[in-house]
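Q: Structure here, sequence nowhere to be found:
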Ligand code: DAT
């Protein structure tokens with residue numbers, strides 16, 4: 001049984017996953033698991049999508065690479081997809097959102113995304129693609145949607161998640177005693 005939870009922090013690229021995970025790692029002691037970094041370090045890329053200018057991941061290879069550590073619990077899994085992770089690994093799915101399209105557009109433009117990739121991500125955010133994916137892949141009661149438009153929301157979101165982590169741990173300890 002895990003003594004610390006595994007949380008997926010997901011959302012369209014640029015929505016704030018990295019800033020949330022870094023803050024949350026400090027606040028909760030959970031570890032930031034950047035899937036992008038694992039895929040690079042462990043060579044889990046399958047092919048390059050020229051049109052989108054991004055790599056396609058070998059999901060089986062990636063899951064093999066992280067399984068042993070994730071099953072121990074205590075990870076913040078940072079990735080712009082969530083339906084590849086087995087349900088049994090995951091205790092909470094946080095979907096970050098940026099409803100202000102102009103703010104979101106400027107963030108992605110600041111990253112130097114080319115037009116096709118930028119527009120695809122803006123559309124995905126408008127249509128809530130990641131939220132739908134999360135609700136289909138996991139039980140709806142473990143899926144939480146949080147806004148990440150302004151600076152102070154990072155703070156309040158992280159406080160909320162940290163409170164959830166504490167109560168999860170308390171429940172788990174009580175169940176272990178039973
Ligand atoms: P992701 O990891 O989802 O791709 P990020 O954490 O790198 O996104 O954030 C992208 C940029 O947007 C970065 O410059 C920080 C900024 N940002 C993210 N969330 C924000 C928020 N809630 N308020 C203000 N800026 C934010």
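A: Good, I have the coordinates. Computed from a predicted structure; not experimentally measured.

Q: Looks to me like residue 32 is in a strand.
A: Yes. Assessed by DSSP: H, G, I helix; E, B strand; the rest coil, residue 32 belongs to a strand.

Q: Name whatever forms a beta bridge with it.
A: Note on residue 32: beta-bridge partners residue 76, judged by DSSP bridges.

Q: List the contacts of it.
A: Neighbour list for residue 32: 21-22, 24-25, 76, 78 [criterion: CB atoms under 8 Å, 6 or more residues apart in numbering]. Glycine gets a C-beta too; all of them are placed from N, C-alpha and C.

Q: hmm, 7 Å instead?
A: With contacts defined as CB atoms under 7 Å, 6 or more residues apart in numbering, residue 32 is in contact with 21-22, 25, 76, 78.

Q: Top of these by number of neighbours, please.
A: residue 76 (25 neighbours; other CB atoms under 10 Å).

Q: Help me confirm that it comes into contact with residue 29.
A: No. With contact defined as CB atoms under 7 Å, residue 76 and residue 29 do not form a contacting pair (10.4 Å).

Q: Can you get me a residue count around the spatially closest residue to residue 126 that is not a sequence neighbour?
A: Once its chain neighbours are removed from consideration, residue 126 has its nearest residue in residue 101; the separation is 6.3 Å (CB to CB, 6 or more residues apart in numbering). Other residues within reach of residue 101 by the criterion other CB under 10 Å amount to 12.
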